[in-house]
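In: Predicted model and sequence follow; I will ask about them next.
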Amino acid sequence: MFQTGFYDLENRVIKLDQRDQLLKLNKLIDWSIFKEPLETLRKSARKSAAGRKPFDSMLMFKGLLLQHFYNFSDEELEFQIRDRLTFSRFLELLNGRKVPDANTFWDFRESLIKHDLLKTLFDLFEEHISTMGFEAKKGQIVDASFVEAPKQRNTREENETIKAGLIPEEFLKNKSVKRQKDTDARWTKKNQEDHYGYKNHVTVDVKHKIIRDFSCTDASVHDSQAMYDILVDIPNKRVFADGAYRSQEIEELLYASGYISRIHERAYTNSPLTEKQIESNKIKSKIRARVEHVFGYIKTNLNCDFVRTIGVGDNPRNTRWWRFSRRRWGQADRRFRPARYETTRRRRR
């Protein structure tokens with residue numbers, strides 16, 4: 001049997017420090033800004049002093065962030081925390097401390113949704129990155145993207161009831177059935193392709209490509225219907241968007257609110273775009289395309305183009321939580337060059 005040396009664990013930790021992005025994240029973010037709203041989840045009086053005390057809210061919050069970073073299920077999150085030294089260190093669960101189980105993480109996430117704290121936490125982080133020199137500048141870009149959901153096998157009558165905004169009687173009679181049915185997701189068609197699930201609506205600032213506000217709706221809601229709800233008040237009033245947002249109503253609304261429309265022109269029946277409009281769209285596209293980088297990162301790096309929870313209330317796990325993800329913190333993290341890039345540069349020299 002292999003015998004470990006006295007300094008083997010210490011050397012292992014030193015090697016991990018060189019590439020552990022979670023360690024840099026801990027140094028970069030002032031986690032205390034989230035403490036006050038998270039503590040509100042623990043203010044309810046306990047029925048008795050018996051039993052285990054609840055886990056620290058900050059630990060649970062950071063655990064949910066890890067879950068989203070790597071797109072884990074609740075059970076997989078529990079296993080990976082036990083298995084990975086970097087995860088345990090990020091959550092301060094070393095030295096044999098007890099690890100929350102899958103049900104505990106599920107219950108904490110439900111509490112966040114029930115107390116409507118997701119938006120509050122998002123706004124606190126928004127203020128934090130602004131104080132670090134990442135204020136929204138040069139205008140904002142609005143766009144939307146589908147988040148697919150598992151297709152439901154319902155009868156026609158059940159589907160008609162769901163479309164009417166009601167819950168079928170059969171679901172109400174059997175709680176086990178209702179628990180597995182998503183009555184919030186909807187069908188829609190785009191470019192001759194059918195989509196079932198939800199839609200992310202976001203606004204991104206032009207300079208940093210950081211998401212400044214968001215909204216989640218079912219897939220049938222048109223992009224332009226959620227536009228005004230996610231616009232942010234910043235000094236530069238330019239608003240960029242693709243042709244789907246172009247309408248007389250939107251233009252008048254932006255003008256009345258003091259925004260400057262940079263929405264793409266669109267062609268209509270018997271009214272093609274002029275050369276001037278085409279050139280104008282090309283100039284706008286160079287800026288508007290920056291929002292596609294954000295969605296591309298979400299879908300390819302975070303694998304968040306498919307929702308694994310049921311209902312729009314639980315959908316923040318795949319739509320809102322990623323806004324706390326590496327992409328946002330990576331904007332500030334550029335001042336700390338990752339060790340792997342330093343190593344690559346040294347080798348090339």
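Out: It's in. Just so we're clear, the structure is a prediction, and the values are computed from it rather than from any experiment.
In: what's the top strand by length along the chain packed up against?
Out: Ranked by residue count, the top strand of the chain under DSSP state E comes out as strand 193-205. Strand 193-205 is packed against strand 140-148, strand 186-190, strand 211-218, helix 227-230, helix 290-300, with contacts defined by 3 or more Cβ pairs under 8 Å, 6 or more residues apart in numbering; DSSP states H and E. Glycine gets a C-beta too; all of them are placed from N, C-alpha and C.
In: Neighbours of residue 123, how many?
Out: Around residue 123 there are 12 other residues, counting by other Cβ atoms under 10 Å.
In: Please apply the same query to residue 28.
Out: Taking other Cβ under 10 Å as the criterion, the count of residues near residue 28 is 14.
In: Tell me which stretches of the stretch 201-349 of the chain form strands.
Out: Here the stretch 201-349 of the chain has its strands, by DSSP state E, counting those that start in this stretch, at 211-218, 238-241, 260-263.
In: before we move on, back to that, which parts of the longest strand of the chain are buried?
Out: Within strand 193-205, the residues that qualify as buried are 195-205, counting by 16 or more other Cβ atoms under 10 Å.
In: Lowest-confidence entry in the residues you listed?
Out: When the buried residues of strand 193-205 are compared on pLDDT, residue 200 comes out lowest, with 87.
In: Tell me the span between the first and last residue of stretch 206-226.
Out: In terms of Cα to Cα, to the nearest Å, the two terminal residues of stretch 206-226 are separated by 19 Å.
In: picking that back up, from the strands of the stretch 201-349 of the chain, which stretch is densest packed?
Out: Each of the strands of the stretch 201-349 of the chain was scored by mean neighbour count; the highest is strand 238-241, a mean of 22, by mean count of other Cβ atoms under 10 Å.
In: helices or strands next to it in the packing?
Out: Using 3+ Cβ pairs under 8 Å, 6+ apart as the contact test, the elements touching strand 238-241 are strand 140-148, strand 260-263, helix 275-288.
In: That strand pairs with which strands, parallel or anti?
Out: Partners of strand 238-241 in the sheet, by DSSP bridges, are strand 140-148 (parallel), strand 260-263 (parallel).
In: what does the last one contact?
Out: The set of residues that contact strand 260-263 without belonging to it, under Cβ atoms under 8 Å, 6 or more residues apart in numbering, is 139, 237-243, 245-246, 250-251, 254-255, 284, 287-288.
In: of these, buried ones?
Out: The neighbour count (16+ other Cβ under 10 Å) marks 139, 237-242, 245-246, 250, 254, 284, 288 as buried among the contacts of strand 260-263.
In: what's across from residue 211 in the sheet?
Out: residue 204.
In: Wait, it touches residue 202, no?
Out: Yes - with the criterion set as Cβ atoms under 8 Å, residue 211 and residue 202 qualify as a contacting pair; they are 5.1 Å apart.
In: so what sits against both of those two?
Out: Here residue 211 and residue 202 share the contacting residues residue 294, scored by Cβ under 8 Å, 6+ apart.
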